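Enquirer: after the sequence you'll find the predicted model.
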Amino acid sequence: MTMEAIRTRLRNALPLLYRFNPAGLRFALRVVIAALIAYGLARLLALPFGYWAVITAVIVMQGNIGGSLKAARERFIGTALGAGLGFLVTLIPVGPDYQWVRLALAIGASAYVVSLDARFRVAPITAIITLIVPQPGVSALAAAIDRVIEILLGGAIGVIVALTVLPERANRTLVKRIATVLRQLSQMLAIDMRGLHEPRDDAALSDLIETSRDQIKASATLAEESSGEQAARLTRGPSADALVRTTRRVRVNLIMIARATREPWPPEADAQLGKMFDSLGQTIAAHLSAQADALEAGRGVEREDGWEAAFETFEDHMAAFRANKANDALPTELMSRIFSLAFAVRQVKADLADLDDRIDEFGGTQRG
């Protein structure tokens, strides 16, 4: 089991109290400040249901600015729709005993919209509150407007606090996550290449595959939030989506390598290709680590002097292996794994070249 896998398991096993981190503490502080400001303003303005401003401020407060912008926008859109539907159905002339008809229409219409676009998911809740929460002496239109004002106030407070109190930008978190993934992929490759000569540590490999998958999934969300920051002109730079997509491709091809190295090679194949793949694996693993370092440092990737030479040696060895007629006697399953490995290695080379370009783009903007 790798040290990364051991650290991950220890973190998961520790009680929550011992897993606090600086980013988590900053987030908690932002949430508290946003909630208290919303509470104070709701009381100052004597809003009838001011707690919605407080709740919205807390919901809007995400781990970074982009996430807060997205949450505020979705919360406002959903609330406006729900309040509007709640008001419209009150125009339907029904008696007190048939109030459920209005409720059913408002909930049904808003739920249908949610099925089309999840951004409206708070609409049914707002419609219900508009219809069934009593406000003596207040018209349905005024109640709907109150809900929108309360949500708008809470959302605005959440965004302002996210922008001003220890602000966290999505790109910064994204860079850390992608760098973590690249180091995990480097460790995966080391385990894979050992599998050519001896039984490999499949438990450690599975841990790395799972954790890297989770990190990339989280990175995709961060990339979306980063796009929101760029749309609001809060950050500049290249598309974070491209960085995530390219990293995902590298991971997929390394999983192909893992499948091709699931069992040790017999001596006749190991003697011809084993040392070459060992050396090539070390070169690729070192490059993955160098990419992670460059990404975190906000600079371009430094190309290793022996990078192209390592792949030229790889192609020479594969050509000699194909030309050796004695290899025709090797098992078909083994030959399939060998050529699958060669194909995956070529794909990794191309993907890493693309990833170099993406990291170089990020390097310039991180320095700026």
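Expert: It's in. Numbers count the residues shown, from 1 in each chain.
Enquirer: tell me how far R172 lies from Q347.
Expert: 30 Å (Cβ to Cβ, to the nearest Å). C-beta here means a position set from N, CA and C on the backbone, and glycine is covered the same way.
Enquirer: may I see the buried residues of the helix or strand where E229 lies?
Expert: Assigning secondary structure by DSSP states H and E places E229 in helix 202-231. Neighbour-count burial for helix 202-231 flags 204-205, 207-209, 211-212, 215-216, 218-230 (criterion: 16 or more other Cβ atoms under 10 Å).
Enquirer: one more: stretch 183-200?
Expert: 183-197, 200.
Enquirer: max pairwise distance over those: which two?
Expert: Farthest-apart pair in the buried residues of stretch 183-200 is R183 and H197; separation 23.4 Å (Cβ to Cβ).
Enquirer: tell me how many other residues crowd A260.
Expert: 21 (other Cβ atoms under 10 Å).
Enquirer: CA atoms only: put the helix or strand where D316 lies into PDB for me.
Expert: Assigned by DSSP H and E, D316 belongs to helix 307-323. The C-alpha trace of helix 307-323 is given here as PDB (Å, rounded to 0.1, in the frame of the first residue of the first chain):
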ATOM      1  CA  TRP A 307      11.900  12.400 -22.700                       C
ATOM      2  CA  GLU A 308      12.100  11.900 -26.500                       C
ATOM      3  CA  ALA A 309      15.000   9.500 -26.300                       C
ATOM      4  CA  ALA A 310      13.000   7.300 -23.900                       C
ATOM      5  CA  PHE A 311      10.200   7.000 -26.400                       C
ATOM      6  CA  GLU A 312      12.600   6.400 -29.300                       C
ATOM      7  CA  THR A 313      14.100   3.500 -27.300                       C
ATOM      8  CA  PHE A 314      10.500   2.200 -26.700                       C
ATOM      9  CA  GLU A 315       9.700   2.300 -30.400                       C
ATOM     10  CA  ASP A 316      13.000   0.600 -31.300                       C
ATOM     11  CA  HIS A 317      12.400  -2.200 -28.700                       C
ATOM     12  CA  MET A 318       8.800  -2.700 -29.900                       C
ATOM     13  CA  ALA A 319      10.000  -2.900 -33.500                       C
ATOM     14  CA  ALA A 320      12.600  -5.500 -32.600                       C
ATOM     15  CA  PHE A 321      10.000  -7.500 -30.600                       C
ATOM     16  CA  ARG A 322       7.700  -7.600 -33.600                       C
ATOM     17  CA  ALA A 323      10.500  -8.600 -35.900                       C
END
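Enquirer: other SSEs contacting that helix?
Expert: Packing partners of helix 307-323 (3 or more Cβ pairs under 8 Å, 6 or more residues apart in numbering; DSSP states H and E): helix 267-297, helix 332-367.
Enquirer: adding mean pLDDT, mean neighbour count and distance to Y51, write those helices out as a markdown table.
Expert: What follows is the helices and strands packed on helix 307-323, written out as a markdown table (pLDDT from 0 to 100; neighbours: other Cβ atoms under 10 Å; distance: least, Cβ to Cβ, whole Å):
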| stretch | mean pLDDT | mean neighbour count | distance to Y51 |
| --- | --- | --- | --- |
| helix 267-297 | 91 | 18 | 42 |
| helix 332-367 | 86 | 17 | 41 |
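Enquirer: what's the closest of those helices to V101?
Expert: Closest among these, using Cβ to Cβ: helix 332-367, at 55.6 Å.
Enquirer: next, the angle from the closest one to helix 267-297.
Expert: With axes from the mean of the first three to the mean of the last three Cα atoms, to 10 degrees as the basis, helix 332-367 and helix 267-297 are set at 10 degrees to each other.
Enquirer: next one: the closest residue to D201 other than its chain neighbours from N253, what distance?
Expert: In space, and not counting its chain neighbours, D201 is closest to I191: 5.8 Å by Cβ to Cβ, 6 or more residues apart in numbering. Using Cβ to Cβ, I191 is found at 15 Å from N253.
Enquirer: what's the answer for D214, then?
Expert: D214 is 19 Å from N253, where distance means Cβ to Cβ.
Enquirer: cool, R177 as well?
Expert: Noted for R177: a distance of 19 Å to N253, by Cβ to Cβ.
Enquirer: rewinding a little: as a markdown table, the helices and strands packed on helix 307-323 with distance to I37 would be great.
Expert: A markdown table is the format used below for the helices and strands packed on helix 307-323 (distance: least, Cβ to Cβ, whole Å):
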| stretch | distance to I37 |
| --- | --- |
| helix 267-297 | 34 |
| helix 332-367 | 32 |
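Enquirer: can you tell which of the ones you listed is closest to A140?
Expert: Set against A140 and scored by Cβ to Cβ, these come closest in helix 332-367, at 49.6 Å.
Enquirer: what is the distance between that closest one and the centre of its chain?
Expert: Chain-centre distance of helix 332-367: 21 Å, with Cα atoms, centre = their mean, to the nearest Å.
Enquirer: same question, stretch 163-178
Expert: The chain centroid and the centroid of stretch 163-178 are separated by 12 Å, computed with Cα atoms, centre = their mean.
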